[in-house]
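> predicted coordinates and the sequence they were generated for:
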Amino acid sequence: MKVSKLAANLIGSEIVKIGNEVNELKAKGAEIANLTIGDLNSNIYPIPAKLKEEIQKAYQNNLTNYPPANGLLSLRKEVSKDLKTRWNLEYTPNDILITAGSRPLIYAVYKTIVDEGDKVVYPTPSWNNNHYAYLTSADAIEVKTTPENNFLPTADDLRPHLKGAVLVALCSPLNPTGTMFTKEQLSEICELIVAENKNRREDEKPLYLMYDQIYSNLTFGAEHVDPVSLFPEMKEYTIYIDGISKCLAATGVRVGWGFGPTHIIDKMKALLTHVGAWAPKPEQEATAKYYENPEDVNSFMEDFKGQLEASLKVLHGGIQNLKEKGFAVDSIEPMGALYLTIKLDYIGKTKQDGSVIENSSDLVFYLINEAGVALVPFSAFGEAKSEPWFRASVGGLEINEIGGMMPKLESALSKLK
């Protein structure tokens, strides 16, 4: 049966495909350490108790009708205050848009800025930019990054591609790597964007920056930096993506916010009125109430990120221990988010049955079946399947489960020749 060209050529999520395989095996009784999904086991990491109470209270008070299209004013006011207190960013409630998590915001940024054939620049690996570029018929320019730069794009990487581009999409801390821009790295990129916009005619579309900082409150020692704090001139060109999904362990609560230039936010708001992507009213009401007490917010975040950091350190230490034993593995020390970047240089190796691990997907499914360990290859984030790099998310496991899986991983890798 015929469908639209867009639907016919849409590529499904490789992460979901791997997750489905894991779930099917677990349903059959297999024990699998699932490090695939960028989510949290809510029995290990529940949302803040006071946030939960406020959500329940909002439902009891029948706050179940439509919220305003741009979000409850009470929540936008609290977000505005939090941005000022936390990052010294000045955005009025009218410059803030509340949606059901960050995905509608990212989609709306693309649809508001990008016309068919417009050039969009983003690094690989990165989360879902390839799909949003496809959905907007953009001319996607993928900038390959390197482990030497923590898989983050440098100004030199981006410079050749900015002329004529309308959007640069960046994320820090980065999904999938858990690495972060330094002040120097991001400053050099901002300087490029400011300079490019100064060279554009008035009748030309500006070069905008979408800055996804959904993991900004989950950092380990390193300082989170953002464009407008570094260069006030960037306020005219920067659209931020943020929310509670990760920092409050609230991925299913679906409260995200974007903020940026008024004319962009207004158009995003208008677009999303036709999509119905608002966060549920009770959850918005509860989040506003919860943010009225910054001490509670900060206390929860500190405890939560401490647990994530401890799990990431155990996993990083386990990989480094295998490296010391002579295994062809490595990992990049985690800086933020809930991800560890792992190198498993076993593509081209032979399994016990004589078949060859031909690409990163083969290795993923080998480890699921042989070690009960599930990872996501960087091919799910725009890299080639020949690349031996993988994302491991620790949000779904207890810290002792992470330690317990390492001998199984070691045994499975030792069987590859």
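Done, it's in.
> helices of the stretch 301-417 of the chain, start to end?
360-371, 399-414 (DSSP state H, counting those that start in this stretch).
> for the last one, which positions count as buried?
Residues of helix 399-414 classed as buried by neighbour count (16 or more other Cβ atoms under 10 Å): Ile399, Glu401, Ile402, Met405, Met406, Lys408, Leu409, Glu410, Ala412, Leu413. C-beta here means a position set from N, CA and C on the backbone, and glycine is covered the same way.
> give the helix, strand or coil label for Asn175.
Counting by DSSP: H, G, I helix; E, B strand; the rest coil, the backbone at Asn175 sits in coil.
> closest to Leu192 among the buried residues of helix 399-414?
Distance ranking of the buried residues of helix 399-414 against Leu192, using Cβ to Cβ, places Ile402 first at 39.4 Å.
> quick one: contacts for that closest one?
Contacts here follow Cβ atoms under 8 Å, 6 or more residues apart in numbering; on that basis Ile402 touches Ala33, Ser311, Val314, Leu315, Gly318, Val394.
> among those, which one has the most neighbours?
Val394 (29 neighbours; other Cβ atoms under 10 Å).
> phi first, then psi, for that residue.
Dihedral pair for Val394: phi -90, psi 0, per degrees, to the nearest 10.
> and Glu24, what's its pLDDT?
On pLDDT, Glu24 comes in at 89.
> so it is in which element?
helix 14-27 (DSSP states H and E).
> tell me which strands the following helix or strand past that helix pairs with, and in which orientation.
Moving toward the C-terminus from helix 14-27, the next helix or strand (DSSP H and E) is strand 33-34. Paired neighbours of strand 33-34 in the sheet (DSSP bridges): strand 373-374 (parallel).
> mind listing residues that contact the partner strand?
The contact list for strand 373-374 (Cβ under 8 Å, 6+ apart) reads 18, 21-22, 32-36, 364, 367-368, 405, 408-409, 412.
> can you tell me how far Val194 sits from Glu188?
From Val194 across to Glu188, the span is 11 Å (Cβ to Cβ, to the nearest Å).
> same thing with Ile402?
Distance from Ile402 to Glu188, by Cβ to Cβ: 36 Å.
> same deal with Val376?
Distance of Val376 to Glu188, given as Cβ to Cβ: 30 Å.
> neighbour count for the two, which is higher?
Shown here are Val376 and Glu188; by other Cβ under 10 Å, Val376 has more neighbours (24 against 16).
> enumerate every residue touching the closest residue to the more buried one other than its chain neighbours.
Leaving aside its sequence neighbours, Val376 sits nearest to Arg391 (Cβ to Cβ, 6 or more residues apart in numbering; 4.5 Å). Neighbouring residues of Arg391 by Cβ under 8 Å, 6+ apart: 35, 125, 175-177, 339-342, 375-378, 380-381.
> which of those are buried, as a ChimeraX select command?
To isolate the buried members of the contacts of Arg391 in ChimeraX, using 16+ other Cβ under 10 Å:
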select :35,125,175,176,177,339,340,341,342,375,376,377,378,380,381
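> mind checking which of the contacts of Arg391 are in strands?
Judged by DSSP state E, these include Tyr339, Leu340, Thr341, Ile342, Val376, Pro377 as members of strands.
> beta partners of the fourth one?
It refers to Ile342. Ser331, Phe390.
> how far away is it from Leu35?
9 Å.
> next, show the common contact partners of these two.
Leu375, Arg391, Ala392.
> okay but the first one is in contact with Leu35, surely?
Just to be clear, that refers to Leu375. Yes - if you go by Cβ atoms under 8 Å, Leu375 and Leu35 touch, sitting 5.4 Å apart.
> before we move on, back to that, return the member of the contacts of Arg391 nearest to Lys289.
Relative to Lys289, the closest of those is Asn175; by Cβ to Cβ it sits at 28.8 Å.
> got the domain boundaries for the protein?
Per the TED database, the structural domains of the chain span 5-45+299-415, 49-294.
> name the nearest residue to Pro153, ignoring sequence neighbours.
Closest to Pro153 by Cβ to Cβ, 6+ apart is Pro123, at 4.1 Å.
> run the chain-centre distance for the helix or strand hosting the one you found.
Here Pro123 sits within strand 119-124, counting by DSSP H and E. With Cα atoms, centre = their mean, to the nearest Å as the basis, strand 119-124 stands 15 Å off its chain's centre.
> what's near enough to touch the nearest residue to Phe327 once chain neighbours are set aside?
Once flanking residues are discounted, Phe327 sits nearest to Leu413: 5.7 Å by Cβ to Cβ, 6+ apart. Leu413 makes contacts with Leu322, Phe327, Val329, Leu344, Tyr346, Ala371, as judged by Cβ under 8 Å, 6+ apart.
> show me what the mean pLDDT comes to for stretch 319-326.
For stretch 319-326, the per-residue pLDDT averages 98.
> now it: buried residues?
Buried-residue list, stretch 319-326, by 16+ other Cβ under 10 Å: Ile319, Leu322.
> likewise for stretch 131-138?
Buried residues in stretch 131-138, counted by 16+ other Cβ under 10 Å: His131, Tyr132, Ala133, Thr136, Ala138.
> what's the answer for stretch 294-304, then?
By 16+ other Cβ under 10 Å, the buried positions in stretch 294-304 come out as Val297, Phe300, Met301, Phe304.
> need the contact list for the closest residue to the first one other than its chain neighbours.
The shortest distance from Val297 to any residue that is not its chain neighbour, by Cβ to Cβ, 6+ apart, is 6.1 Å, and that residue is Tyr291. Contacts were defined as Cβ under 8 Å, 6+ apart; by that measure Tyr291 touches Leu75, Glu78, Val79, Lys81, Asp82, Val297.
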